[in-house]
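Enquirer: Let's see this in three dimensions:
(chains A and B)
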Amino acid sequence: NAGVTQTPKFQVLKTGQSMTLQCAQDMNHNSMYWYRQDPGMGLRLIYYSASEGTTDKGEVPNGYNVSRLNKREFSLRLESAAPSQTSVYFCASSEHAANYGYTFGSGTRLTVV
Amino acid sequence: AQTVTQSQPEMSVQEAETVTLSCTYDTSESDYYLFWYKQPPSRQMILVIRQEAYKQQNATENRFSVNFQKAAKSFSLKISDSQLGDAAMYFCAYRKRNTGNQFYFGTGTSLTVIP
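Expert: This next block holds a predicted model:
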């Protein structure tokens, strides 16, 4: 089925460890996004990539890096995990046209201890 | 900056009844899009309905409809004939017309459906 695939679905890290969240879409979408979801905060944008080869910071980029590897893949890296990064992370993709909604991945629940 | 406000953290409705979830937004743009997303316990985000700001007619998708008041910057979601499967977190979202722009999400409303 077409869609956005995120891996892993769950992860527990120790403070200071690093990891990369993977995201791939097979809908030929130009734009891809990483959000984090925290209780009472809604979804907040970490980074986005409007098109292949470009990335931009969102609302909460500190502590994260991203790579738009190709049109399909957009990864999120935590270089040195902190407890404040405990959250549910969503990858999403979209057509350029603003009337399109996002297609979301199934999310990654990350716990940093 | 765009902001989206959902003032009802939690709502409940009796099965088969109607419920309205509120959303207001702040923008200086005249052309934009508004969305409602549903997030059931499975965590998957599902698009429920979308509204184009330049259209006066309110969008409808089966039992889901919106009341879009552009001047008041209000975008409420009405769920008719509520079903147990409607229980979820609902997020209102805003997106500017320019291509590639991000969505801005509200903080969500948790809807409980009482049998």
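Enquirer: Tell me which other helices or strands the one helix or strand residue A:111 maps to touches.
Expert: Using DSSP states H and E, residue A:111 sits in strand A:108-112. If you count contacts as 3 or more C-beta pairs under 8 Å, 6 or more residues apart in numbering or on different chains; DSSP states H and E, strand A:108-112 packs onto strand A:10-13, strand A:87-94. Using the backbone N, CA and C atoms, a C-beta is placed for each residue, glycine as well.
Enquirer: per-residue pLDDT, the residue of chain A found nearest chain B?
Expert: Here chain A gets closest to chain B at one residue, residue A:50, 3.4 Å apart by C-beta to the nearest C-beta. We have a pLDDT of 86 for residue A:50.
Enquirer: That one: neighbour count?
Expert: 20 (other C-beta atoms under 10 Å in any protein chain shown).
Enquirer: hang on, it packs against residue A:29?
Expert: No - Residue A:50 is beyond contact range of residue A:29, at 10.8 Å (criterion: C-beta atoms under 8 Å).
Enquirer: Can you give me the buried ones in stretch A:13-23?
Expert: Using 16 or more other C-beta atoms under 10 Å in any protein chain shown as the test for burial, stretch A:13-23 gives A:13, A:21, A:22, A:23.
Enquirer: likewise stretch B:25-34?
Expert: Those would be B:25, B:27, B:32, B:33, B:34, for stretch B:25-34 by 16+ other C-beta under 10 Å.
Enquirer: near chain A too, which of these?
Expert: Among the buried residues of stretch B:25-34, proximity to chain A is found for B:32, B:33 (C-beta under 8 Å from any C-beta of the partner chain).
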